[in-house]
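In: Using only what follows, build the 3D model:
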Amino acid sequence: MSRRGAFGLIALGAGVSLMSTLAPGVARARGHTEILLLTCMDYRLTDDTIAYMEGRGLHDKYDHIALAGASLGAITDKYPAWGQAFWSHLDVAMELHHVHKVVVIDHRDCGAYKVIFGEAAVDTPEKELALHTQELHAFRDEIKQHHPEIEVELGLMSLDGKVEEIA
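Out: This next block holds a predicted model:
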């Protein structure tokens, strides 16, 4: 069998697909996890995000999706495909891994917020916190509309890796 023939494509919706090296029909993950983590794609915080989740005892116990802007990326009208990708991933995570909680961690100095709202919207720590809080709450409300049974946890990470819980 050729190397190319050993791969299968799994469609996740919104033009998103996943390459699988498993035989067709075997790509379903076995087991479960409780959490889907949504973070920004920002490379500066990848290690801090992993350390944060491991510090909570969640090593290899969560699914992870990254979108520019995290909560903003999932609900912005400017890039609707991003939101479509998030909702498709959430549906798959619920089906395959039985997640019942979404943890979303936005971060300070986020380029997506500057691109979508303009730099003036986040040019002070107070304005930045207020805008992230607004978008995180809107994101939580969207999840509750689609899946009222899903628990949602909101956080804002600083560039030193500390996460502030957003009520």
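In: tell me how far the longest helix along the chain is from the chain's mean position?
Out: Ranked by residue count under DSSP state H, the longest helix found in the chain is helix 125-146. From the chain centre to the centre of helix 125-146 is a distance of 14 Å (Cα atoms, centre = their mean, to the nearest Å).
In: Hey, what's the angle from the next helix or strand after that helix to helix 125-146? Just curious.
Out: The helix or strand immediately downstream of helix 125-146 is strand 151-157, counting by DSSP states H and E. In terms of direction (axes from the mean of the first three to the mean of the last three Cα atoms, to 10 degrees), strand 151-157 departs from helix 125-146 by 160 degrees.
In: Whichever helix or strand comes after strand 151-157: partners in the sheet, and parallel or antiparallel?
Out: Counting by DSSP H and E, the next helix or strand C-terminal to strand 151-157 is strand 163-165. With DSSP bridges as the test, strand 163-165 is paired with strand 151-157 (antiparallel).
In: quick one: buried residues of stretch 123-132?
Out: Buried positions in stretch 123-132, judged by neighbour count with 16 or more other Cβ atoms under 10 Å: 128, 131, 132. Yep, even glycine has a C-beta here, placed from its N, CA and C like the rest.
In: how about those residues in a markdown table, adding distance to residue 65?
Out: Conversion of the buried residues of stretch 123-132 to a markdown table gives the following (distance: Cβ to Cβ, whole Å):
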| residue | distance to residue 65 |
| --- | --- |
| 128 | 23 |
| 131 | 22 |
| 132 | 18 |
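In: closest to residue 76 among those residues?
Out: Of all these, residue 76 sits closest to residue 131, with 12.5 Å by Cβ to Cβ.
In: who touches the spatially most central residue of the chain in this structure?
Out: Note on the chain: the residue nearest the mean C-alpha position is residue 38, at 1.8 Å, using Cα atoms, centre = their mean. Neighbouring residues of residue 38 by Cβ atoms under 8 Å, 6 or more residues apart in numbering: 65, 66, 67, 70, 71, 74, 86, 102, 103, 104, 105.
In: wait, the fourth one sits on residue 103?
Out: No - the pair residue 70 and residue 103 does not pass the contact test of Cβ atoms under 8 Å, sitting 10.3 Å apart.
In: of those two, who's got more company?
Out: Neighbours per residue, other Cβ atoms under 10 Å: of residue 70 and residue 103, the larger number sits with residue 70, 31 against 23.
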